[in-house]
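In: Structure for this input, please:
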Amino acid sequence: MESERRALLAIKSDMYDPDNWFSTWTGKDCCGWRGVACDHTTGHVTKLDLHYPYTYDKSDISDIMETMGGSKVNPSLQELKHLKYLDLSMNNFSGAPVPTMIASLVHLEYLNLSNAMFDGLIPPQLGNLSNLHYLDLQGWYYDDLLHVDDLDWLSRVPSLKYLDMSSVNLSKVTNWFYVINSIPALEVLRLSHADLPYVPSPLPTFNLTAITTLDLSGNSNATSAMLRWLSNATSLEYLLLSGYLSSNGIIGKIPESIGNLTNLVMLDLSSNNIVGCIPKTIGTLIHMEKLYLFNNRIHGEIPATIGGLQNLHELILKGNSFTGQIPDTIGRLRSLLYLDISNNNLSGPLPKTIMGQVSQLQDLYLSSNSLVGNITEAHFSNLTNLLGFTISSNSLNVILPNDWHPPFNVEFIGMSFCHLGAELPTWLQTQTQLTTLYLCGVGLSGNLPIWFSNFSRGLQSLNMSSNNLRGSLPVWFLDFSKDMKELNLRSNHLMGSLPSLDFTEATNLILLSLSHNHINDSLPPFFCNMHLLEILLLSNNHLIGEVPDCHNSFPRLLISLHLNNNNLSGTIPSFLKHCGQLLTLDLGENKLFGKIPTWIGRNLSSLKFLRLRSNLLYGTIPENIVDLTSLQVLDLSSNNLTGSLPSSLANFSAMVEMHTRSFHEGNYSNSESIVITTKGSMVDYTTILWLVTSIDLSNNHFSGEIPKELPTLLGLRFLNLSTNHLTGMIPENIGDMKLLESLDLSENSLTGEIPSSFSAMYFLAHLNLSYNNLSGKIPTSGQLSTFDSWTYVGNKDLCGTPLPACPVYQTPPDARVKDDEKLDKLLEYTSIVVGFVVGFWLFIGTLIMKQAIRFAFFRRIDKTSDWVYVQFAVKLAKLKSKWQTMT
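Out: Purely as a prediction, here's the structure:
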């Protein structure tokens, strides 16, 4: 039809076409055009497939939008009234609303608008498409660009078999469960990451008898009751109920009735709050190919019945609390390709039957358990398909002879914290495909062998930290692999200087850790050209001189820099102002001088941990440092800083709330650690670092009062303001900091009483108020009286438990009362002076204004003076007479 041909050309004119995808759209016969199909009888266009023809990773939306041009839905689309199939997916419609005109295409049976950057409310008019079998409205992950307020319109589409509204915001659709349950034809339902409301109780009668795929992952709606309800879904093949960031999801046990789902091919209950044991009925699911129960709280033993899942390809049980031994029956899983039971409490030896009989196994993860015994050749003899294994963090002895020829050629090996021996196994040379090698804390000592130079060139990740490797930095550093992404040799006894190292080939390096060694000499500018470098750890060495300043090339992706505990001098390097993604900056324990640069607050807005302690820094705290709203740890202690404490310190919003979730994944969280002075000692925080909030400004020359706004940092755990020149009183509302675990205000000049609000600080385990000018009685409420006396020593006017009792015959000295008495005396003297002045002028005014009174007053004065004069003259005459008689 000519009208439909013109409509297609109009649609084409508004579509992004970078590679001439529409090049076939020429000629009069539109039915032969790419993506177009027609009815053979009528000639009408019945199919229009305009999905973006190239695949891409949806998770990287920002990069995609920079390269993909925008498209528009041309109004001519509604001219194709006989369409049965419409696919506009994987395009960029730039946040336009879903066109309501699509609802006029009433013959549609297939509609796919997924991942097309539509925005706004999904029109309920789509309910007019009563012939739909397939409806895909999936949005971009986590963006919630699309939303629905009501799903009742779906009940007008009774033939719907496939529905995908993943990543569409359904939070307002409280009746979603009832609406979905009223579509008995549904075979596939995908509502993942849709912010679904909770499942109602009681649950309605199960009506989805045709359902084969159910994906509700990434929501907080599921319950163990729902699992029992689903036990009626005997046609179910794929059940995906994984939680989201382990903060919600299923709470309760896996019901025994799970065994009714005998057609299950995949079961994913990962990252929930599932407790209890795996039911033995799991063994009846003989068609199961993938079983994901990782990151829950499941305990007990792995049931032996799991060996009945003979079609199982992937078994992931990591991150639970399984105990007991690994069941021998796992050896029956002859189809198993992927086994991960790491991070549990499994014990006993590693059964040879598992590794001996599961010959198809490709990936094996057994790390972080309590396995014991020896690992020998027999464990690996039949694993010819193995691509990688990790047995790290167990009590295993690896007894493999140097002349051993493994039956595999793996890509990764992890044997960290097992006992390997002093020498690097020579059989590693046979692993020519190896890219990842973790031998952390295995007992290696001495120099690395010469053969390791050639071997290491193919590696991408090497971790030999926490061993006893000695000698100069190995020669093979001079020919550094350009493919290396992660190199970790921390906590060894390596020595020598870095300038001789040539890192110019290491352009892909992401992590470099040489901390806790004996590396000396100056620090070369090798890192300036490492444009992918994210983590640089060189702390606890003997580096000297200034930190080189990168002039024209910067490691802009740097997120963690540790140069602490060296002998570095000079100022804080200015190249860091170009590293806007920095999360951790630790330059403590050096000899850096100068002022704290203002560009830290201006350019490093993502900083979480700033540690500049024990240097020679001077000046005041820059006002804009409070712009670091993500800051969790600020340590400027043991410098020569002066001035008052800014009241804007209360603007550190990351210190206002309690942290309950990890801040990062991957290399950063795995390698990050910060030394914090707390509770009177130095503590190295690693695994729980993301929970820590701390301010340490001790051992400086700060003066003035403690800002009254500081207690608004309700999430602060450690506060140290000791050894300064602070004056005034402790803020009355300091008790608002209820999470505070350590508080040190010692060696200042603080006055006044200890606020009674201290009694609300239930987590306070360390308190030091010594050597101030505090006075009054120590409050008896709370735990203040339970601290040792040294907590309060050096405050001569303090009394009460644990110090000597306050005298009973007099009120204990009270600075606030003394201040009140001074004020009373001042008012008294002032009133006397004012009264005298007022009375005097009233008297003089009266004399001036009243003539009769004035005359009477002065006459009285005249008479009085005459009388006084006469009396004085008489007395004087008598005295003279007596004097003459005596002489």
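In: per-domain residue ranges of the protein.
Out: 1-197, 592-812, 814-860 (automatic domain parsing).
In: And the closest residue to Thr100 other than its chain neighbours, its phi and psi?
Out: Closest residue in space to Thr100, ignoring its immediate chain neighbours: Pro123 at 4.6 Å, by Cβ to Cβ, 6 or more residues apart in numbering. Where you see a C-beta, it was placed from the backbone N, CA and C, and this is true even at glycine. Taking degrees, to the nearest 10, you get phi -70, psi 130 for the backbone angles of Pro123.
In: thinking Pro123 is in contact with Val98, fair?
Out: Yes: here Pro123 lies in contact with Val98, judged by Cβ atoms under 8 Å, at a distance of 5.8 Å.
In: Serialize the domains of the chain to a markdown table and add fields for distance to His287, mean neighbour count and mean pLDDT.
Out: A markdown table is the format used below for those (distance: least, Cβ to Cβ, whole Å; neighbours: other Cβ atoms under 10 Å; pLDDT from 0 to 100):
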| stretch | distance to His287 | mean neighbour count | mean pLDDT |
| --- | --- | --- | --- |
| domain 1-197 | 17 | 17 | 90 |
| domain 592-812 | 34 | 18 | 89 |
| domain 814-860 | 79 | 11 | 51 |
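In: how about the helices in the chain?
Out: 2-13, 61-67, 176-181, 224-230, 352-357, 377-380, 452-455, 599-603, 667-671, 815-849, 851-886 (DSSP state H).
In: Need the residues that contact the first one.
Out: Surrounding helix 2-13, the residues in contact under the criterion Cβ atoms under 8 Å, 6 or more residues apart in numbering are 22, 25, 28, 30, 33, 36, 44-45, 48, 50, 73-74, 76-77, 79-80.
In: Would you confirm that Thr329 contacts Ile306?
Out: Yes: if you go by Cβ under 8 Å, Thr329 and Ile306 touch, sitting 6.5 Å apart.
In: okay, those two: which has more neighbours?
Out: Ile306 (22 against 19; other Cβ atoms under 10 Å).
In: show me what contacts that one?
Out: Counting by Cβ under 8 Å, 6+ apart, Ile306 has contacts 278, 282-283, 315, 327, 329-330, 333.
In: closest to Glu709 among those residues?
Out: Ile278 (52.8 Å; Cβ to Cβ).
In: quick one: contacts for the closest one?
Out: 254, 293, 298, 300, 302-303, 306.
In: PyMOL command for the buried members of those residues?
Out: Buried residues among the contacts of Ile278 (16 or more other Cβ atoms under 10 Å), as a PyMOL selection:
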select buried, resi 254+293+298+302+303+306
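In: Including pLDDT, could the contacts of Ile278 go into a markdown table?
Out: Formatted as a markdown table, the contacts of Ile278 follow (pLDDT from 0 to 100):
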| residue | pLDDT |
| --- | --- |
| Ile254 | 93 |
| Leu293 | 97 |
| Ile298 | 97 |
| Gly300 | 96 |
| Ile302 | 97 |
| Pro303 | 97 |
| Ile306 | 96 |
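In: of all the contacts of helix 2-13, which two lie farthest apart?
Out: With Cβ to Cβ as the measure, no two of those lie farther apart than Lys28 and Val73, at 24.7 Å.
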